[in-house]
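*Asks:* Show me how the following folds:
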Amino acid sequence: SAFDDAEGDDLTDVVSGLPAGIPQPGLNGILAGTPAETGTFTVTVTASDGEFSETDTFALTIEDDNPGGPSLVFNDPSASVFDGSTGSAIELPHQSAYEIDTGTIAFSFNADNTSGQQGLFTKDAKNFQGGGNHMLVYLKGDDLLVRVQNGTDSEVLRFDGIQAGTFYDVAVTFGPSGATLWVDGNQVDSDSIVTNWSDNVEFIQWGARGWGSQTGEAGFDAVFEGVIANKQIYDGELSAGQIASLAAGGASAPASFSTQLAPSSFSLTAPPPAEEEIEGASVSTAQTSIAAARSFAPDAGTMVFDGTAATVVELSHRPEYELDQGLVAFTFNAADTDGSQGLFSKDAKFFDGGGNHLLVSLEGTTLTVRLQDGSSSEFLTYEGVRAGVNYDVAVTFGPDGAQLSVNGVEVDNSLLMVDLGQNTEYVQWGARGEDSQTGEAGFDSPFEGSISNAEIAPVELEPSVSTQQM
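*Replies:* Next up is the predicted model:
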């Protein structure tokens with residue numbers, strides 16, 4: 001819908017009802033994401049000028065072009081930059097969704113150099129700890145190597161001649177027929193070794209190598225220097241045609257792993273044109289479109305947290321999080337409403353590091369957002385959270401203040417200006433980092449429940465939303 005305010009006030013737009021895998025959008029562009037479910041969904045767009053609001057709905061239909069085919073269990077299309085330091089590595093705890101007996105790991109990378117050994121992807125531990133069945137993808141000089149383990153043996157797949165400054169599309173498939181390495185859509189090596197992740201509980205590292213860690217524990221070395229993008233894990237083996245399509249940009253890829261911003265399997269239907277007037281806000285519903293510009297989107301499905309530190313997702317600071325205005329959005333479902341539980345945090349103790357912190361947590365049945373500028377704090381709240389219920393949460397921040405929206409409706413706001421452009425703290429999903437030292441890892445109050453559609457996105461607060469048919 002195109003929303004305009006008669007008084008010229010900036011409007012904040014919040015979208016609810018999106019299927020899993022499609023993030024809470026930003027403004028002015030194309031709805032983007034990789035769907036994790038199919039069907040027709042009623043999507044609601046709510047525009048507010050801080051005093052009045054108006055809503056519009058439209059139907060979003062997602063069709064599965066590959067019924068019964070592999071599905072994403074991890075998806076991060078963003079381009080992650082690694083500088084060779086431990087702080088730039090991405091380390092994620094094991095999730096039950098990764099317990100697969102057949103699968104595909106896919107990503108693109110561009111190395112700054114081909115010196116020494118550099119980890120690209122790993123789900124590994126020392127020797128054959130934890131029962132083996134480990135996997136490691138790394139650079140050794142200009143050789144791309146994939147070490148595959150079953151419970152007792154190791155084999156290495158190889159591709160020679162990697163050049164610095166060049167992008168390569170990589171896929172590794174594994175299953176009962178063995179393991180295969182693909183580069184730029186072409187099969188380059190294979191082996192009959194059978195690896196099975198059903199009992200693999202190791203941490204995942206992107207941009208590092210975890211083969212020296214103890215089973216079930218964090219730890220890595222050989223941090224990469226360069227860029228890794230389109231990071232994906234599927235619960236099945238993609239076909240040769242699907243891998244070639246993925247390397248070519250997803251032109252004929254199934255909806256479950258499309259890399260296009262606007263896959264052809266999306267059909268967007270707007271309601272009939274209409275004009276409505278609400279006390280100073282003119283709303284035109286002649287067209288419907290939404291834009292998404294994501295800085296973080298870790299998983300096409302759902303992150304499950306069991307209240308322990310092991311399931312917390314803790315990520316080091318990255319330049320793409322340095323936003324002077326933006327959006328933090330996610331869907332959560334709490335297993336209980338006991339005590340304090342962190343949902344999202346980019347925070348540190350007191351005003352360490354210059355403040356400008358943001359924390360979203362559950363305090364009993366109250367959803368609480370703590371905002372900090374450089375010297376003061378304010379809280380946004382929403383009362384009455386119930387266990388076992390999904391809630392869509394969006395927190396927008398910028399020079400005009402901050403707003404909390406729940407299920408598409410603004411429920412609280414503040415004039416406090418938070419600038420994440422000055423914030424270099426770790427990000428935690430499913431925990432609270434408010435007592436950590438600035439620039440260091442550390443958290444408490446792990447969440448028990450699920451978080452999906454998690455994103456951090458730049459948002460330009462403009463008075464209209466234009467529509468593009470997808």
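*Asks:* Just confirm Gln95 contacts Ala310, I think it does.
*Replies:* No: if you go by C-beta atoms under 8 Å, Gln95 and Ala310 don't touch, sitting 10.3 Å apart. (Glycine included, C-beta is placed from N, CA and C.)
*Asks:* more neighbours, those two?
*Replies:* When neighbours are counted by other C-beta atoms under 10 Å, Gln95 and Ala310 differ, and Gln95 comes out ahead with 19 against 15.
*Asks:* and that one, backbone torsions?
*Replies:* Torsion angles at Gln95 (phi, psi; degrees, to the nearest 10) stand at phi -130, psi 150.
*Asks:* do Pro319 as well
*Replies:* phi -60, psi -30.
*Asks:* burial measure for it, as a count.
*Replies:* Count around Pro319 with other C-beta under 10 Å applied: 9.
*Asks:* how near is it to Phe379?
*Replies:* 29 Å (C-beta to C-beta, to the nearest Å).
*Asks:* just Leu416 next, same as before
*Replies:* Applying C-beta to C-beta, the value for Leu416 to Phe379 is 10 Å.
*Asks:* so what sits against both of the two?
*Replies:* Leu371 (C-beta atoms under 8 Å, 6 or more residues apart in numbering).
*Asks:* Check what pLDDT Pro315 gets.
*Replies:* Check again: residue 315 is Leu, not Pro. For Leu315, the pLDDT comes out at 87.
*Asks:* My guess is it contacts Ser88. True?
*Replies:* No: counting by C-beta under 8 Å, Leu315 sits too far from Ser88 to count as a contact (10.4 Å).
*Asks:* Name the SS class of Gly226, please.
*Replies:* strand (DSSP: H, G, I helix; E, B strand; the rest coil).
*Asks:* so it bridges to which residues?
*Replies:* Gly226 forms beta bridges with Phe82, Ala111, as assigned by DSSP bridges.
*Asks:* Surely it and Gly84 touch.
*Replies:* No: counting by C-beta under 8 Å, Gly226 does not reach Gly84; the two are 9.1 Å apart.
*Asks:* Show me where the stretch 301-450 of the chain dips below the pLDDT cut-off.
*Replies:* Low-confidence segments of the stretch 301-450 of the chain, defined by pLDDT under 70: 301.
*Asks:* hey, what's Met135 bridged with?
*Replies:* Going by DSSP bridges, Met135 forms beta bridges with Lys123, Val148.
*Asks:* Can you check the pLDDT for it?
*Replies:* Note on Met135: pLDDT of 97.
*Asks:* Give the residue from Gly226 and Gly84 that has the larger number of neighbours.
*Replies:* Neighbours per residue, other C-beta under 10 Å: of Gly226 and Gly84, the larger number sits with Gly226, 22 against 19.
*Asks:* Distance of the more buried one relative to Ala89?
*Replies:* To Ala89, Gly226 is 12 Å away according to C-beta to C-beta.
*Asks:* Now do the same contact list for Arg158.
*Replies:* Arg158 neighbours (C-beta under 8 Å, 6+ apart): 143-146, 181, 189.
*Asks:* Generate a ChimeraX selection restricted to the buried entries among those.
*Replies:* Applying 16 or more other C-beta atoms under 10 Å to those leaves a buried subset, and the ChimeraX line that selects it is:
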select :144,145,146,181,189
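*Asks:* Tabulate the contacts of Arg158 (TSV), appending distance to Val172 and pLDDT.
*Replies:* Output for those, formatted as TSV (distance: C-beta to C-beta, whole Å; pLDDT from 0 to 100):
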residue	distance to Val172	pLDDT
Asp143	15	96
Leu144	10	97
Leu145	11	97
Val146	5	97
Leu181	6	97
Asp189	10	96
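*Asks:* Return the closest of the contacts of Arg158 with respect to Ile233.
*Replies:* Val146 (14.3 Å; C-beta to C-beta).
*Asks:* The closest one contacts Lys140, doesn't it?
*Replies:* No: counting by C-beta under 8 Å, Lys140 is not a contact partner of Val146; they are 11.1 Å apart.
*Asks:* Could I get the phi/psi values of Ala240?
*Replies:* Dihedral angles (degrees, to the nearest 10) for Ala240: phi -60, psi -40.
*Asks:* Could you check how far Ile105 is from Ser445?
*Replies:* 32 Å.
*Asks:* How about Ile243?
*Replies:* 42 Å.
*Asks:* Of those two, which one has the most company?
*Replies:* Taking neighbours as other C-beta under 10 Å, Ile243 and Ser445 compare with Ile243 leading, 25 against 22.
*Asks:* Pull out the buried positions in the host helix or strand of that one.
*Replies:* Ile243 belongs to helix 240-247 when assigned by DSSP states H and E. For helix 240-247, a neighbour-count test (16+ other C-beta under 10 Å) marks 242-247 as buried.
*Asks:* Repeat that for stretch 311-328.
*Replies:* Per 16+ other C-beta under 10 Å, stretch 311-328 contains these buried residues: 311-318, 320-323, 325-328.
*Asks:* Between these, which sits nearest Val43?
*Replies:* When the buried residues of stretch 311-328 are compared for distance to Val43 (C-beta to C-beta), Leu327 wins out at 16.5 Å.
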